[in-house]
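*Asks:* Prediction below, plus the sequence it came from.
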Number of protein chains: 2
Amino acid sequence: MAIRLDSSSRTTVARNPERSRERILNAAFKEFAAKGFAGARVDQIARRAGINKRMLYHYFGDKESLFRHVLRRKMAERKTWGIATPDEPAESLPYWFDLACKDLDWIRLLEWEALQFLDKSLIDEERRGAATADAVARIARRQKLGFLDDTFSPEQILLAMVGLTWFPVAFPQLTRLVTGQSPFNQDFQTAQREFLRRFAQAFSKNDHRKTAQNGSRRNGHAKEVK
Amino acid sequence: MAIRLDSSSRTTVARNPERSRERILNAAFKEFAAKGFAGARVDQIARRAGINKRMLYHYFGDKESLFRHVLRRKMAERKTWGIATPDEPAESLPYWFDLACKDLDWIRLLEWEALQFLDKSLIDEERRGAATADAVARIARRQKLGFLDDTFSPEQILLAMVGLTWFPVAFPQLTRLVTGQSPFNQDFQTAQREFLRRFAQAFSKNDHRKTAQNGSRRNGHAKEVK
C-alpha cells in the first residue's frame, strides 16, 4: 500500500519519453475506436495512458493532431501488412480476413468516421489518399503478374476484396443474425476462411484457369495455407 | 405572420392519427440513422415530426419501443424488396447495390448498432432473426433452382453478397479514397453496377456454366438489365 501506482507510472513515463508516447498512442487508438473522433475525450485518453493531460498536449498537440498521429502509425503498420499480402487471392482473402479480425478497432474507427465525416473532408486526407493509391498499385501489379483478373479495374477489385473480408467484422450483429455465430467465434472464422479461399477464384485471371483450379489447384491451396 | 405553422401542423396531426404516426416514424428513422439509438433524442424526433412529445409517447411508448416500431416498418419494406430480388446473381447484385444507395439511412442505422451493441443483445433480436432466416431461405431456394452455387452455404453467400453490395455505401470515405469518387456519384454507380453484374458469376452454379456465361450469356445479361 506504500506504492502509489499512479504516481510511479507517471515517473516511469517522464523518464522514458518514447514509451510514454507509445502509451498515449495506444490509449488514443482505443478511445477513438470506442467513441469516434467527435466523442473521444483527451482527458480520458490521458487517464487511460496514466499520463497527465499537459504532458499529452506537449507530445501531440490537440485532439485532431493526436488523431493524425494515431492514423499515421496505423497506416505504417497496415502498409507492412499490405506489402506482406500473398499474391494468390486464395491466400490473400483469408489473410485479409484474419487481419480484419485482429484489427477490429481499426474497422470500428473507420465506421465512426463513415458516420461522422460523411460529407466532410477527412483528417489527413492527402496522406491517406497516397496510402490507398499504394494499395491500388499493389493490386495492379498482381493483375500484371496474372494473379488477378485484369478485366476489372484495380480499384474495383480492392473495394470488393475489402468488402468481402471486412463485412462480417464490421457488422458483427448481422453476422450473428445470419449465421447464429459471432464473427469472433473460432468455428465461424475457420468456415469463413475456407469460404474465402474457395470464393477467391472469382478474382482469378480467367475462367479457364478457374476451371483448372477447381480440380487440383484448389485442393492444393487448401493444403498450402494454414 | 398570422398563421403559426407549428400549431397548425399539430392540429392536422391530431385530426389524422394515421398520418401523424407516419410522420413520427419517418422522423424517428432519420434521427436514429443520424445519431444511433443511444444518441437519438425523443424530443428532437417530436420536433422533426411537428408533434408534441406527449402525443409521441402516447402513440409509441418510450424510445426503445419507438425504435422497435421503426425496425419493424423497415423490415416489412425490406422483405418486399427481398422477395422482389431477381434470381440471377448478375441481376440481383446490381439490384442490391441500388437498394443500398437508396437506403443509406438503413445502413447507417446498422453501423451505429454495430458500434453501440457489440456485445449486447439487439433490440427486437428474435423477430430480426426470423427475417434474416427468410432471407437465407430465399438464397437456399435459388441454390436449389440452380441459380447459385450450392457448394457454398446459403449463409456465406448472403454475407458475401451483402458485403459486396453494401461496402462502398457503408464506407463512403474509403470509396472516395480508393476511387476518387463518392459512392453517390452517378459515374461511380454506373461502373459499380457493371462490375457487380460481371463479378456475379462468382456465385453461379459451377465453373462450366461460368465459362459459357463468359461468352454469350454474360453479354445477354448486360442487355437485359437496365
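*Replies:* Perfect, I can see it now.
*Asks:* tell me the domain boundaries of chain A?
*Replies:* A:1-76, A:85-205 (automatic domain parsing).
*Asks:* Is stretch A:156-175 in proximity to chain B?
*Replies:* Yes. Stretch A:156-175 is in contact with chain B by C-beta under 8 Å from any C-beta of the partner chain, via A:156, A:158-160, A:162-164, A:166-168, A:170-175. Bear in mind the C-beta positions are built from the backbone N, C-alpha and C, glycine included.
*Asks:* how about these, which pair is most distant?
*Replies:* Pairwise distances across the residues of stretch A:156-175 next to chain B (C-beta to C-beta) peak at 27.6 Å, for the pair A:156 and A:173.
*Asks:* mind listing what residue A:54 touches?
*Replies:* Residues counted as contacts of residue A:54 (C-beta atoms under 8 Å, 6 or more residues apart in numbering or on different chains): none.
*Asks:* Buried only: go through the residues of stretch A:156-175 next to chain B for me.
*Replies:* Neighbour counting by 16 or more other C-beta atoms under 10 Å in any protein chain shown classes A:156, A:158-160, A:162-164, A:166-168, A:170-175 among these as buried.
*Asks:* Could you verify my assumption that residue A:74 touches residue A:105?
*Replies:* No. With contacts counted by C-beta atoms under 8 Å, residue A:74 stays clear of residue A:105, the gap being 9.1 Å.
*Asks:* These two: which is more packed in?
*Replies:* Using other C-beta atoms under 10 Å in any protein chain shown, the more surrounded residue of residue A:74 and residue A:105 is residue A:74, with 19 against 14.
*Asks:* Need the per-residue pLDDT for the more buried one.
*Replies:* For residue A:74, the model assigns a pLDDT of 96.
*Asks:* how much space is there between it and residue A:124?
*Replies:* 11 Å (C-beta to C-beta, to the nearest Å).
*Asks:* and of the residues of stretch A:156-175 next to chain B, the nearest to residue B:182?
*Replies:* Once C-beta to C-beta is applied, the member of those that ends up nearest residue B:182 is residue A:159, at 13.1 Å.
*Asks:* is it true that that closest one touches residue B:167?
*Replies:* Yes. Using C-beta under 8 Å, residue A:159 is in contact with residue B:167, at 6.3 Å.
*Asks:* if I look at those two, which residues touch both of them?
*Replies:* Common neighbours of residue A:159 and residue B:167, counting by C-beta under 8 Å, 6+ apart, are residue B:175.
*Asks:* List phi and psi for residue A:87.
*Replies:* Main-chain torsions, residue A:87, degrees, to the nearest 10: phi -70, psi -40.
*Asks:* my bad, should have said residue A:149
*Replies:* Per degrees, to the nearest 10, the backbone of residue A:149 is at phi -60, psi 120.
*Asks:* looking just at contacts, which helices and strands does the one helix or strand residue A:18 maps to meet?
*Replies:* Assigned by DSSP states H and E, residue A:18 belongs to helix A:17-39. With contacts taken as 3 or more C-beta pairs under 8 Å, 6 or more residues apart in numbering or on different chains; DSSP states H and E, helix A:17-39 sits against helix A:5-15, helix A:42-49, helix A:53-60, helix A:63-83, helix A:104-116.
*Asks:* Which other helices and strands does the last one contact?
*Replies:* Counting contacts by 3+ C-beta pairs under 8 Å, 6+ apart, the secondary-structure elements packed against helix A:104-116 are helix A:17-39, helix A:154-170, helix B:104-116, helix B:172-179.
*Asks:* what about it, distance to the chain center?
*Replies:* Its chain's C-alpha centre and that of helix A:104-116 lie 10 Å apart, by C-alpha atoms, centre = their mean, to the nearest Å.
*Asks:* Endpoints of stretch A:115-126, how far apart?
*Replies:* Stretch A:115-126 has an end-to-end distance of 20 Å (criterion: C-alpha to C-alpha, to the nearest Å).
*Asks:* Sorry, slip of the keys, the one I care about is stretch A:138-157.
*Replies:* Stretch A:138-157: ends 11 Å apart by C-alpha to C-alpha.
*Asks:* which outside residues touch that stretch?
*Replies:* A:82-83, A:85, A:87-89, A:136-137, A:158, A:160, A:203-206, B:178-179, B:191-192, B:195, B:198-199.
*Asks:* Go again with 6 Å.
*Replies:* A:87-88, A:136, A:158, A:203, A:205, B:178-179, B:195 (C-beta atoms under 6 Å, 6 or more residues apart in numbering or on different chains).
*Asks:* buried residues in that stretch?
*Replies:* Here stretch A:138-157 shows A:138-140, A:142-143, A:147-150, A:152-157 as buried, counting by 16+ other C-beta under 10 Å.
*Asks:* out of the residues you listed, what pair is the most spread apart?
*Replies:* A:147 and A:155 (16.7 Å).
*Asks:* So the nearest residue to residue A:82 once chain neighbours are set aside: helix, strand or coil?
*Replies:* The spatial neighbour of residue A:82 that comes closest, neighbours along the chain excluded (C-beta to C-beta, 6 or more residues apart in numbering or on different chains), is residue A:135 at 5.5 Å. At residue A:135 the chain is in helix, as set by DSSP: H, G, I helix; E, B strand; the rest coil.
*Asks:* Please state the mean pLDDT value computed over stretch A:185-195.
*Replies:* Averaged across stretch A:185-195, pLDDT comes to 98.
*Asks:* what do you get for stretch A:82-101?
*Replies:* Stretch A:82-101 comes out at a mean pLDDT of 97.
*Asks:* For that stretch, give me every contacting residue.
*Replies:* Contacts for stretch A:82-101 (C-beta under 6 Å, 6+ apart): A:81, A:135, A:142, A:147, A:165-166, A:169, A:193, A:196-197, A:200, A:203, A:221, A:225.
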